[in-house]
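> Give me a 3D structure for the following:
(2 chains)
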Protein chains: 2
Amino acid sequence: MIIDCHGHYTTAPPALEDWRRRQVAAIKDRAQMPRAAELQISDDELRESIESNQLSLMRQRGSDLTIFSPRASFMAHHIGDFEISSTWAAICNELCFRVSQLFPQHFVPAAMLPQSPGVDPATCIPELVRCVEEFGNVAINLNPDPSGGHWTSPPLSDRAWYPIYEKMVEYEIPAMIHVSTSCNACFHTTGAHYLNADTTAFMQCLTSDLFKDFPTLKFVIPHGGGAVPYHWGRFRGLAQELKKPLLKDHLLHNVYFDTCVYHQPGIDLLAKVIPVENILFASEMIGAVRGIDPETGQYFDDTKRYIEANTQLSAEDRYKIYEGNARRVYPRLDRLLNEQGRS
Amino acid sequence: MIIDCHGHYTTAPPALEDWRRRQVAAIKDRAQMPRAAELQISDDELRESIESNQLSLMRQRGSDLTIFSPRASFMAHHIGDFEISSTWAAICNELCFRVSQLFPQHFVPAAMLPQSPGVDPATCIPELVRCVEEFGNVAINLNPDPSGGHWTSPPLSDRAWYPIYEKMVEYEIPAMIHVSTSCNACFHTTGAHYLNADTTAFMQCLTSDLFKDFPTLKFVIPHGGGAVPYHWGRFRGLAQELKKPLLKDHLLHNVYFDTCVYHQPGIDLLAKVIPVENILFASEMIGAVRGIDPETGQYFDDTKRYIEANTQLSAEDRYKIYEGNARRVYPRLDRLLNEQGRS
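Numbers count the residues shown, from 1 in each chain, chains lettered A, B, ... in the order given. This next block holds a predicted model:
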């Protein structure tokens, strides 16, 4: 079984974007604020948006199930205030839940949070609870920079984030550390801000003792861990300078890397440097890089091909990357799959 | 001959730091401002600080010459105003010049600029001119984020930077794109901010047509290019989405990566993914990672070992990485070496 731990609903029907546009416009004129109930998307529309896109590609490429969250770049936590984010998160999470109900064999939801710059992260807990308790979400996406490229929040090791971590531990849900659109002209969203955030989050964990306080907390660092595996020697050396334990003891009980690295040499490096137990299959399909690589004739983001073509991984290693690790890192997913008879 | 294109004067005599501390303290009380002439460091002190540190390690490791610039983390362009930065840059550049005069076979200077957040980059030109004309500098370090982690300057493709580029082209000097200390608590300086800046700068070049305006402008992206080589497929795919030419045509006549990657798999990936013509030997020694790797028993930053141990590079490739490319990217260095009879 092949579990893709990193998919976003990038292909939602256009009504969603229209509603969001009205919501954003109404920030300046609250009387024009659309009600959530004004967004009407039928099951057929949802089905069509998935079947002709993600599900079609999953079938072509041979993956079985996607942990599916709202479109990352559309979270845009920097827009408006907590109320704006709250309504928007509720709508987006409900759509992912409905997709999971329509395709229970193929999509399991992960929640975005109604974060807002300068607002206490604890305000996100009611939405988190709803997504887990009512919608069966198995994970959350946590944005370490709700300002969208200005980095005005404290590091992930700060106690301000602890209420979210307490709930994550209680529910046994991991967080993918995933930023949203950059509104800083210095940072291209998917080419710089995403990768920078991955590297930044890892280093925030490295310099802190966060996982002493939360020994069972789990973070998934997407996009292959940003710059981290490529600079693994640098990070091992910095940990040593900082008198931290070896990275495998200090971080690798809690930190996982996905395989959203879009060429063979990158995946080969990831598989060589990071213990296979810490690698989770993912493609972020349909996402930032949708084209076909002229060097291979295949989609850049068809990451399964790189894992298949890697010459160092054993069958057992591939099982861990594709399924075993995900069932361990996402216990709620594992229980759901067992209930579905997929054990 | 082995040219290390990335060394900083991290071991300057403590009098330098003392003077800087007085200067920073005097920002609040200008009457206490120290004069530049109050900093007294003898040639013997300079000699000692180099012979027992960088030069000793260069001899041990077998490198011949270092392109030597002021300590990157001490540039701290975010401190004070243009005048503060200007005095500080002048002092630091003069010390690197003096080192190059004391050890003309081993050190060639590269300049820091007196950048200051919100101040027109053109104000840096007099110091740049002095460093090239009077001090024989062969390159500059250009900080894309003088705010120190708040990223308040425009992208490197913005016309605000063009006066510097015009001077670089006129003088045939490349710029290493190198940030300084992060004063944003989110970013660890050497573990996140440096690598993020490398990735960010590359993406700023990718999304722009900067090198159409300056076909002979040359940027060196340090620290192995941040996340770029590891995500080379992602960047190729993003360029394609953005309707840009192939990266080799769009950027690789102008952008070079150094070898400051502190483990074998990282260097192997760099050498596999990036054309050998675009790789410049460097160690950033003595820098961020000073320890010995317990996995190898060797210094993390002894990057020559990784290049020697790489099994794909030919002798001709190694010549390019060690010397040939540097003589091409730094024409003033090449002329200096020819004058010294090292052709």
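> Kindly report the residues of the stretch 51-200 of chain A close to chain B.
By CB under 8 Å from any CB of the partner chain, the residues of the stretch 51-200 of chain A that approach chain B are A:144-145, A:149-151, A:153-155, A:184-188, A:190-192, A:195-196, A:199-200. Using the backbone N, CA and C atoms, a C-beta is placed for each residue, glycine as well.
> Scan chain A for its longest helix.
Ranked by residue count, the top helix of chain A under DSSP state H comes out as helix A:82-102.
> got the buried residues for that one?
A:82, A:84-100 (16 or more other CB atoms under 10 Å in any protein chain shown).
> Put the buried members of the residues of the stretch 51-200 of chain A next to chain B into a ChimeraX selection.
To isolate the buried members of these in ChimeraX, using 16+ other CB under 10 Å:
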select /A:144,145,149,150,151,153,155,184,186,187,188,190,191,192,195,196,199,200
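> Now, the residues of the stretch 51-200 of chain A next to chain B that are in helices?
Counting by DSSP H, these place A:L195, A:N196, A:T199, A:T200 in helices.
> check contacts around the second one.
The contact partners of A:N196, taken as CB atoms under 8 Å, 6 or more residues apart in numbering or on different chains, are A:F187, A:G226, B:A192, B:L195, B:N196, B:T199, B:T200, B:A227.
> cool, A:R318 as well?
By CB under 8 Å, 6+ apart, the contact list for A:R318 reads A:I307, A:E308.
> buried ones in the host helix or strand of it?
Using DSSP states H and E, A:R318 maps to helix A:315-319. Of all the residues in helix A:315-319, those buried under the rule 16+ other CB under 10 Å are A:D317, A:R318.
> which other helices and strands contact whichever helix or strand comes after that helix?
Later in the chain than helix A:315-319, the nearest helix or strand by DSSP H and E is helix A:325-329. With contacts taken as 3 or more CB pairs under 8 Å, 6 or more residues apart in numbering or on different chains; DSSP states H and E, helix A:325-329 sits against strand A:3-9, strand A:279-280, helix A:331-339.
> I'd like the ones you listed as a markdown table, with mean pLDDT and mean neighbour count appended.
Output for the helices and strands packed on helix A:325-329, formatted as a markdown table (pLDDT from 0 to 100; neighbours: other CB atoms under 10 Å in any protein chain shown):
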| stretch | mean pLDDT | mean neighbour count |
| --- | --- | --- |
| strand A:3-9 | 98 | 27 |
| strand A:279-280 | 99 | 28 |
| helix A:331-339 | 98 | 16 |
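> Turn these into CSV, columns for distance to A:G233.
Shown next, in CSV, are those (distance: least, CB to CB, whole Å):
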stretch, distance to A:G233
strand A:3-9, 26
strand A:279-280, 18
helix A:331-339, 33
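> which one of the ones you listed lies closest to A:K212?
With CB to CB as the criterion, A:K212 lies closest to helix A:331-339 of the helices and strands packed on helix A:325-329, at 21.5 Å.
> just to revisit the earlier point, nearest to A:K304 among the ones in helices among the residues of the stretch 51-200 of chain A next to chain B?
For those, the closest approach to A:K304 (CB to CB) belongs to A:L195, at 21.4 Å.
> what does the model give the closest one for pLDDT?
pLDDT, A:L195: 98.
> Over to the one 3 residues further on?
Confidence per residue is given as pLDDT, and for A:D198 that number is 98.
> got the contact list for it?
By CB under 8 Å, 6+ apart, the residues touching A:D198 are A:I177, A:I221, A:P222, A:H223, A:G224, A:G225, A:G226, A:A227, A:V228.
> what about 6 Å?
For A:D198, the contact set (CB atoms under 6 Å, 6 or more residues apart in numbering or on different chains) comprises A:I221, A:H223, A:G225, A:G226.
> What's the local residue count around the last one?
Per other CB atoms under 10 Å in any protein chain shown, the neighbour tally for A:G226 reads 30.
> just the first one next, same as before
When neighbours are defined as other CB under 10 Å, A:I221 has 25 of them.
> about what we covered before: arrange the contacts of A:N196 in CSV, one row each, with distance to A:D43 as further columns.
Below are these laid out as CSV (distance: CB to CB, whole Å):
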residue, distance to A:D43
A:F187, 38
A:G226, 37
B:A192, 44
B:L195, 45
B:N196, 42
B:T199, 41
B:T200, 42
B:A227, 40
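> Closest to B:L313 out of those?
The closest of these to B:L313 turns out to be B:A227 (CB to CB; 22.4 Å).
> Wait, a strand at that closest one?
No. Assigned with DSSP: H, G, I helix; E, B strand; the rest coil, B:A227 falls outside any strand and is coil.
> What's opposite A:L280 in the beta bridge?
Per DSSP bridges, the residues bridged to A:L280 are A:D258.
> and the longest helix of chain A with strand A:3-9, angle?
Between the axes of helix A:82-102 and strand A:3-9, defined by axes from the mean of the first three to the mean of the last three CA atoms, to 10 degrees, the angle is 130 degrees.
> strand partners of the helix or strand following helix A:82-102, parallel vs antiparallel please.
Next helix or strand after helix A:82-102 toward the C-terminus (DSSP H and E): strand A:107-109. Looking at strand A:107-109 with DSSP bridges, its partner strands are strand A:65-70 (parallel).
> Put the alpha carbons of the strand it pairs with into PDB.
Extracted C-alpha coordinates of strand A:65-70, given in PDB (Å, rounded to 0.1, in the frame of the first residue of the first chain):
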ATOM      1  CA  LEU A  65      -4.200   7.000  -0.300                       C
ATOM      2  CA  THR A  66      -3.400  10.700   0.200                       C
ATOM      3  CA  ILE A  67      -3.400  12.600   3.500                       C
ATOM      4  CA  PHE A  68      -5.300  15.500   2.100                       C
ATOM      5  CA  SER A  69      -5.300  19.100   3.400                       C
ATOM      6  CA  PRO A  70      -6.500  22.400   2.200                       C
END
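> what inclination does it have with respect to helix A:331-339?
Going by the same axes, to 10 degrees, strand A:65-70 makes 130 degrees with helix A:331-339.
> Centre of the chain to whichever helix or strand comes after strand A:65-70, how far?
Scanning forward in sequence from strand A:65-70, with DSSP H and E defining helices and strands, the next element found is helix A:72-75. Mean-position distance between helix A:72-75 and its chain equals 11 Å (CA atoms, centre = their mean, to the nearest Å).
> again, but for stretch A:147-167
Relative to its chain's centre, stretch A:147-167 lies at 16 Å (CA atoms, centre = their mean).
> For chain B, give me its nearest residue in the stretch 101-250 of chain A.
For the stretch 101-250 of chain A and chain B, the shortest gap (CB to the nearest CB) falls at A:G233, measuring 2.7 Å.
> how much space between that residue and A:V276?
19 Å (CB to CB, to the nearest Å).
> Which of those two has more residues huddled nearby?
Just comparing A:G233 and A:V276: by other CB under 10 Å the higher neighbour count belongs to A:G233, 24 against 18.
> Can you tell me the SS state at the more buried one?
The three-state assignment at A:G233 reads helix, by three-state DSSP.
> circling back to that earlier point, export the helix holding A:R318 as CSV, just CAs?
Extracted C-alpha coordinates of helix A:315-319, given in CSV (Å, rounded to 0.1, in the frame of the first residue of the first chain):
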residue,chain,number,x,y,z
ALA,A,315,12.0,-3.9,-0.4
GLU,A,316,11.7,-3.5,3.4
ASP,A,317,12.9,0.1,3.2
ARG,A,318,10.4,0.9,0.5
TYR,A,319,7.6,-0.6,2.6
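> which SS class is the residue sitting nearest the centre point of chain A?
Centroid-nearest residue in chain A, with CA atoms, centre = their mean: A:M176, separated by 4.1 Å. Taking three-state DSSP as the rule, one finds A:M176 in the strand state.
> In the sheet, which residues pair with it? Tell me.
On the basis of DSSP bridges, A:M176 is bridged to A:N141, A:V220.
> My read is that it contacts A:N141, right?
Yes. A:M176 lies in contact with A:N141 (CB atoms under 6 Å); the separation is 5.0 Å.
> circling back: which one of the contacts of A:N196 sits closest to B:A160?
Closest approach to B:A160 among those (CB to CB): B:T200, at 16.4 Å.
> wait, what's in contact with that closest one?
By CB under 6 Å, 6+ apart, B:T200 lies in contact with A:C186, A:F187, A:A192.
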